[in-house]
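# The following block contains a protein sequence and its predicted model.
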Amino acid sequence: MASVCLDQSIQGSILDIGGGGEGVIGRIYQAQVTAIDNRPEELEEAPDGFAKRVMDATSLEFDACSFDNATAFYTFMYMEKEDHPKALGEIWRVLKPGGSLFIWDAVIEHAQPFVVELDIDANGTNIHTGYGVVKEDGAQDAQYFVELCQKLGFRLIRKRLDGDQFFLSFKK
């Protein structure tokens, strides 16, 4: 069991990639958030209080420079590895100059299967949930995402490792 503390104070609009299911980012930042998920049932499951749109992260339907921030809370583990660069490129496109990208995810050596249980402190609201995947190309770690983001022009601001969990923040 891993503990995750969302101690980020995010100002401005937030595009939450994969924001369905528990809707962690939407629960905290409410009206600031536009959550996208490619699975309608995940958005239906998420609590109310923020905007929700069915959308693929590799083909965002927003104008360039539309958001102040983007978040991905245990989202990339669900994407095929070949989609990571395209999704990050789309995030770069829709972020305003100086915008921030925040990624919370897990170090995965083998995803056959991979499961992580989390206790999340979402600004005083405790959420217990689990995330899991089974796929061939599931290996990922923080450095993998740092390198992908830096190739696009993102500047690493913060890198925090906690066991097999990581948090990254970047500026455009």
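Arrived safely, thanks for sending.
# What are the phi and psi values at residue 81?
Note on residue 81: backbone dihedrals following degrees, to the nearest 10 are phi -60, psi -40.
# for residue 165, same thing?
phi -120, psi 150.
# tell me the SS of the residue of the chain most remote from its centre?
In the chain, counting by CA atoms, centre = their mean, residue 112 sits farthest out from the average C-alpha position, at 21.6 Å. Under DSSP: H, G, I helix; E, B strand; the rest coil, residue 112 falls in the strand class.
# For it, report the pLDDT, please.
On the pLDDT scale, residue 112 is placed at 74.
# So it sits against residue 138, correct?
Yes. Contact criterion CB atoms under 8 Å: residue 112 and residue 138 qualify, at 7.3 Å. For glycine as for every other residue, the C-beta is placed from the backbone atoms N, C-alpha and C.
# Run a quick neighbour tally on residue 130.
Per other CB atoms under 10 Å, the neighbour tally for residue 130 reads 11.
# Listing partners with orientation, what would you give for whichever helix or strand it is part of?
Using DSSP states H and E, residue 130 maps to strand 125-135. Sheet pairing here is set by DSSP bridges, and for strand 125-135 it gives strand 111-122 (antiparallel).
# In the partner strand, which residues are buried?
The neighbour-count check on strand 111-122 (16 or more other CB atoms under 10 Å) flags 111, 114, 116, 118, 120, 122 as buried.
# Pull the contacting residues for the closest residue to residue 134 other than its chain neighbours.
Nearest residue to residue 134, sequence neighbours excluded (CB to CB, 6 or more residues apart in numbering): residue 113, at 4.3 Å. By CB atoms under 8 Å, 6 or more residues apart in numbering, the contact set of residue 113 is 132, 133, 134.
# so what pLDDT did the closest residue to residue 53 other than its chain neighbours get?
Leaving aside its sequence neighbours, residue 53 sits nearest to residue 36 (CB to CB, 6+ apart; 5.1 Å). Note for residue 36: predicted pLDDT of 98.
# again, but for the one 4 residues further on
At residue 40, the pLDDT value in this model is 96.
# my read: it touches residue 52, true?
No. Using CB under 8 Å, residue 40 is not in contact with residue 52; the gap is 9.2 Å.
# Compare neighbour counts for those two and give me the winner.
A side-by-side neighbour count of residue 40 and residue 52, using other CB under 10 Å, places residue 52 first with 22 against 12.
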